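**Student:** sequence? don't have it. structure:
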């Protein structure tokens, strides 16, 4: 089994005052040639945005962009005429495809918003841009992995233009859960949102990341109450 271990403290840091962002992989002014990606997972940013502040209108193309609020809510607007609020418990995806513009602001005038911004390289380029957003039942991920994002259209998940799966688990202290891969040739990047866990014997703490490939099943044991995001992606295009 091969692994890529990224400690919380080793992530890149960008502090713009209104935005504090930690970068697992090279992004913007943070460049580390050894931290470019995990397979087709290109960006994993942990963003905190101050009240009423945010990202002004800017363009994207040929990227699958997933946003997961961890606390607070985001106000979204794009060139596809979507205007939405994305709150904790929801997941948003934009297939940027042939090109779009969008803005994203903290929807609260008083509280910070913390969200994960994740980019995955697309399976097909220059497709028509597409937007998706879904609220998930938190009880469905208690001591098991709940699939949030998948490569196929479904009432239970949001679909992505790539053979990739995003799953999330909330695990009680002392509980053990299994992650069974959808494709044995792919890799899984585990990001510890909260808590302390052991994955296949590897000890991980809050905001640590671990990319694994070479096994079909991974075992997660929670040393404390924990929240985990698993991103399964092809290792090559």
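**Tutor:** Everything's here; your move. Small disclaimer: the values here were computed from a predicted structure and weren't measured. Residues are numbered from 1 along each chain as shown.

**Student:** Flag the shaky bits of the chain, pLDDT-wise.
**Tutor:** By pLDDT under 70, the chain has no low-scoring segment.

**Student:** Break the protein into its domains for me.
**Tutor:** The chain resolves into domains spanning 11-135, 140-233 when parsed by automatic domain parsing.

**Student:** quick one, which of these is nearest to residue 3?
**Tutor:** Proximity to residue 3, assessed across those by Cβ to Cβ, is greatest for domain 140-233 (5.3 Å). All C-beta spots, glycine's among them, are computed from the backbone N, C-alpha and C.

**Student:** Now render the domains of the chain as TSV, adding distance to residue 2 and mean neighbour count.
**Tutor:** Written out in TSV, the entries for these read as follows (distance: least, Cβ to Cβ, whole Å; neighbours: other Cβ atoms under 10 Å):
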stretch	distance to residue 2	mean neighbour count
domain 11-135	11	17
domain 140-233	5	18
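
**Student:** check contacts around the closest residue to residue 41 other than its chain neighbours.
**Tutor:** Here the nearest residue to residue 41 in space, its sequence neighbours aside, is residue 233; by Cβ to Cβ, 6 or more residues apart in numbering that works out to 4.9 Å. Contacts were defined as Cβ atoms under 8 Å, 6 or more residues apart in numbering; by that measure residue 233 touches 38-41, 120, 162-164, 186-187, 189.

**Student:** out of the domains of the chain, nearest to residue 1?
**Tutor:** Of all the domains of the chain, domain 140-233 sits nearest to residue 1, with 3.9 Å by Cβ to Cβ.

**Student:** from the chain's centre, how far out does stretch 60-68 sit?
**Tutor:** Per Cα atoms, centre = their mean, to the nearest Å, the displacement of stretch 60-68 from the mean C-alpha position of its chain is 10 Å.

**Student:** Contacts for it next, please.
**Tutor:** Residues outside stretch 60-68 that contact it (Cβ under 8 Å, 6+ apart) are 42, 74, 86, 91-102, 104, 115-122, 125-126, 148-149, 160-162, 164, 166, 229.

**Student:** cool, stretch 36-46 as well?
**Tutor:** Residues outside stretch 36-46 that contact it (Cβ under 8 Å, 6+ apart): 4, 11, 21-27, 63, 114, 116-121, 162, 164, 186-187, 189, 191, 207, 209, 211, 213, 231, 233-237.

**Student:** All good on my end, thank you.
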